[in-house]
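Student: This is a predicted model, with the sequence first.
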Amino acid sequence: MLLIQAAISCLDYFSSLLIALIASTLPHLEFVFSRVSRGSLGLCSLFSLPKTLLHLWYISFCQPLVLINLRNPNYENGDSLSFRTHLGLIQVPLKVKDIPELKEFFVELGLTTGQLGIDDSTQVPPELFENEHVRIGQKVLTEQDSAAAQQYVRQGSPTALRAELWALILNISSHPEDILYYEQLKTNVIQHDLLVDSLIYKDVKLTASNDDYYFVFEDYLYQVLLCFSRDTSVLSHFAYNSASPPKSYIRGKLGLEEYAVFYPPNVAPLCFLYHEPSKLYQIFREMYVRFFFRLHSISSHPSGIVSLCLLFETLLQTYLPQLFYHLREIGAQPLRISFKWMVRAFSGYLATDQLLLLWDRILGYNSLEILAGKSKFLILFCFSACKIASIVSITRIIREGHHHVFSTLSPPSFLKVFYFPGLVVLFFANISWVTGF
Amino acid sequence: GWGQVSSDEHASWMSVQTIRNVFSVETGYRLSDDQIVNHFPNHYELTRKDLMVKNIKRYRKELEKEGSPLAEKDESGKYLYLDFVPVTYMLPADYNLFVEEFRKSPSSTWIMKPCGKAQGKGIFLINKLSQIKKWSRDSKTSSFMTQSTKEAYVISLYINNPLLIGGRKFDLRLYVLVSTYRPLRCYMYKLGFCRFCTVKYTPSTSELDNMFVHLTNVAIQKHGEDYNHIHGGKWTVNNLRLYLESTRGKEVTSKLFDEIHWIIVQSLKAVAPVMNNDKHCFECYGYDIIIDDKLKPWLIEVNASPSLTSSTANDRILKYNLINDTLNIAVPNGEIPDCKWNKSPPKEVLGNYEILYDEELAQGDGADRELRSRPGQSLGPKGSRLRDAGRTVLTTWK
């Protein structure tokens, strides 16, 4: 695990190097902004220097990480040196589920079980699956059965029932004390300014405000994130959890809580489900504490981002080795592309209704492993959709994780394809690239 | 795709100005059988704010006289099914009627709109009679205006409780293609959008003249500070649907969309008798609809020349497809049009359009439909639902 820590401190070093570099060459500020920033960051006033550093530090560190490599040089692979093991970016001996285990784990995604997203499509009469599924969902809600709800959403949740089902699974109820707690947090926001507020503001402005789906909820996002950064109960959760929350500090301010920053998590899709701020906040906090923090912290947990990366690479290599090697040849390491999808749990990369269906499964299986499978499918889809027009265009499209391509995908169909390799072969029988090289 | 043709065109996309010339008696221009145009000669019966309201009021009275169940009223005298236009008066003609109404609820807000303008030009809100008197005085004294050329205005009850999402007001822009009025055949474009204001909504009287809070026209909003060029403050109707289903439930959302389809068809039926159903014509309207916080849709206006320019990338794609699909329906098979055809395109060419109402087909189903679809049932006189999935394609009201 030593090297993993080294990797983090490398990134830290990199970012502080960047800051030092910038600070010493202020005239080049503008250049850095235009190169690194995603949105339209105005040029910071040179008079507010600390803020400037904050912005830069934010850009260099809080933006999706550039994943270089994760490798433990001390680890000796007992198996014979297979050429496979050296191809992926992640070469850490973490335990991830293998294919038979995955099939067993995700058994409800099998061919014989109905799925929302496929089996409620237009060609299928509603009597066959959808109506019954909705009826069961309503029954689960009436009985307030949390475990049953979790089982139920594995097949996808009907849009009208989703908000309540998720609240049931996450054990969120609207007790007066919860609402009071949220109001208290809001008061804290008004009374105390944290340096992190401007970072949150920046992040929302750069991401959600420019997004077709989420721009409407800009104000809700500020509210929730500002409260979240003041919520000490979140920190207390990590006290007994081995994964430490992804905190970072401004250089030189190590240990001072005001200068600590959490990675901006994924609130926006939840705004489609909950329009009362206090409920929205609770759901988001619970989801973060149960799942999403793992995407931002380095741990050996099977749902941790490292394991997901490893799982993704393994799946891709196993099922689509030609694609995998080809992408490496043209300099588009698949993990570099899919990393940013997984680290945000696809929020911002998928159409919201598709995203919510995917998150149904995260809740249902209490695991983020589904993200690895989804990534594998998307790489493939992206590639086949281009039909090898030209290597340059493919690389560019895949690198940009082209938004529009994804908005037409449906997660359940990929799930079936993914876990049942026979289908995979059929699916690609007439795609040119298979025979292309 | 569609290509340009030289002058003896077969399908011409004209501006409203040109249409006036084409159909005007003086010019004596006649369209030949293989020429079609994209406007009806007297489309203004629907697209001018005052005429639209006049026609709808007339339509309602006619139905009431006939004793039609559609014209049923509730205890307070409001139409149950045909109350979809806010209370409106023409000025200066109905000024006294308006004052009477105003005095009944003096705390209400009213919106003044010029009849013939678009893009939010000349619109303002009032909540005191003195404001109208002042306006009327100002325009009377403006030097070059005489009484006869004074611009006609309408004044409508302002919907001050719009449905808010993320704290912001929005309206719906829906595209409806009409290929013929008698029998009525119209298509609804599936990809409508919501236009959001850039500023949070407040009914406070101090913000009554802040157009960024109240008017959703892109032409206005794009001058706002927070206007974003990437999404242009636009949401797809599918997003709206997802949001409403998730937060309010499926039944009320479906009911809302049914009602929207209903009011569009009723508005078309209202003008059908007075519309010059020239066989050379088809028309694509831009319907503006506002939803209030009780999930009731209101018809604000109908545009004959909905903006076909784009403010964002998504917009460009949408409008390109819109024109493409419109022409596919209006001109069958991309061949030279013959306006003697029955204007019944095959299903495959509909593209993103779906049939909203087809009078011929509806009538063909006979009178028993009317009995089955009596008001009072949960779906009212709306019959089977129009679903985006295309499972039930036709609405079946008569």
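Tutor: Right, received. Where do you want to start?

Student: mean confidence for the helix ranked longest in chain B?
Tutor: In chain B, taking DSSP state H as the definition, the longest helix is helix B:250-271. Mean pLDDT, computed over helix B:250-271, is 93.

Student: So it, near chain A or not?
Tutor: Yes. For helix B:250-271, a contact with chain A is found by C-beta under 8 Å from any C-beta of the partner chain, at B:250, B:253. Quick note: C-beta positions are derived from backbone N, CA and C, even for glycine.

Student: List the strands paired with the next helix or strand after that helix, with their directions.
Tutor: Note on helix B:250-271: by DSSP states H and E, the next helix or strand toward the C-terminus is strand B:283-291. Each strand paired with strand B:283-291, and its direction, by DSSP bridges: strand B:168-180 (antiparallel), strand B:297-303 (antiparallel).

Student: among those, which is the most enclosed?
Tutor: The highest mean neighbour count among the strands paired with strand B:283-291, using mean count of other C-beta atoms under 10 Å in any protein chain shown, belongs to strand B:168-180: a mean of 22.

Student: quick one: that one to chain centroid distance?
Tutor: Distance of strand B:168-180 from the chain centroid (C-alpha atoms, centre = their mean, to the nearest Å) equals 6 Å.

Student: Kindly export it (C-alpha atoms) in PDB.
Tutor: In PDB, the C-alpha atoms belonging to strand B:168-180 read as follows (Å, rounded to 0.1, in the frame of the first residue of the first chain):
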ATOM      1  CA  ARG B 168     -37.600  29.800 -11.400                       C
ATOM      2  CA  LYS B 169     -40.500  30.500 -13.700                       C
ATOM      3  CA  PHE B 170     -40.700  28.700 -17.100                       C
ATOM      4  CA  ASP B 171     -43.100  28.200 -19.900                       C
ATOM      5  CA  LEU B 172     -43.500  25.500 -22.500                       C
ATOM      6  CA  ARG B 173     -42.900  25.900 -26.200                       C
ATOM      7  CA  LEU B 174     -44.600  23.200 -28.200                       C
ATOM      8  CA  TYR B 175     -44.700  22.800 -32.000                       C
ATOM      9  CA  VAL B 176     -47.900  21.800 -33.700                       C
ATOM     10  CA  LEU B 177     -48.200  21.200 -37.400                       C
ATOM     11  CA  VAL B 178     -51.600  21.600 -39.000                       C
ATOM     12  CA  SER B 179     -52.000  20.200 -42.500                       C
ATOM     13  CA  THR B 180     -55.700  20.900 -42.800                       C
END
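
Student: What is the helix or strand following that strand packed up against?
Tutor: Remark: after strand B:168-180, the chain's next helix or strand is strand B:185-189, criterion DSSP H and E. Judged by 3 or more C-beta pairs under 8 Å, 6 or more residues apart in numbering or on different chains; DSSP states H and E, strand B:185-189 is in contact with strand B:168-180, helix B:250-271, helix B:313-330, strand B:353-358.

Student: could you dump these to CSV with distance to residue B:95?
Tutor: Below are the helices and strands packed on strand B:185-189 laid out as CSV (distance: least, C-beta to C-beta, whole Å):
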stretch, distance to residue B:95
strand B:168-180, 28
helix B:250-271, 25
helix B:313-330, 40
strand B:353-358, 37
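
Student: Residue A:206 is nearest to which of these?
Tutor: Among the helices and strands packed on strand B:185-189, helix B:313-330 comes nearest to residue A:206, with 18.5 Å by C-beta to C-beta.

Student: Throw the strands paired with strand B:283-291 into a markdown table and include distance to residue B:105 and mean pLDDT, thanks.
Tutor: A markdown table is the format used below for those (distance: least, C-beta to C-beta, whole Å; pLDDT from 0 to 100):
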| stretch | distance to residue B:105 | mean pLDDT |
| --- | --- | --- |
| strand B:168-180 | 21 | 91 |
| strand B:297-303 | 17 | 92 |
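
Student: how about these in CSV, adding distance to residue A:213?
Tutor: Shown next, in CSV, are the strands paired with strand B:283-291 (distance: least, C-beta to C-beta, whole Å):
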stretch, distance to residue A:213
strand B:168-180, 14
strand B:297-303, 23
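
Student: Go ahead and confirm residue B:298 touches residue B:86.
Tutor: Yes. Using C-beta atoms under 8 Å, residue B:298 makes contact with residue B:86 at a distance of 5.8 Å.

Student: any residues in contact with both of these two?
Tutor: Each of residue B:159 lies in contact with both residue B:298 and residue B:86 under the rule C-beta atoms under 8 Å, 6 or more residues apart in numbering or on different chains.

Student: Quote the end-to-end distance of stretch A:209-224.
Tutor: End-to-end distance for stretch A:209-224, by C-alpha to C-alpha, to the nearest Å: 15 Å.

Student: quick one: contacts of that stretch?
Tutor: With contact meaning C-beta under 8 Å, 6+ apart, stretch A:209-224 is reached by A:39, A:186, A:189, A:200-201, A:204, A:207-208, A:267-269, A:271-272, A:277, A:280-281, A:284, A:348, A:351-352, B:165-168, B:196, B:200, B:228, B:230-231, B:233-236, B:239, B:314.

Student: With stretch A:134-147 instead?
Tutor: By C-beta under 8 Å, 6+ apart, stretch A:134-147 touches A:148-149, A:152, A:157-158, A:161, A:164-165, A:168-169, A:171.
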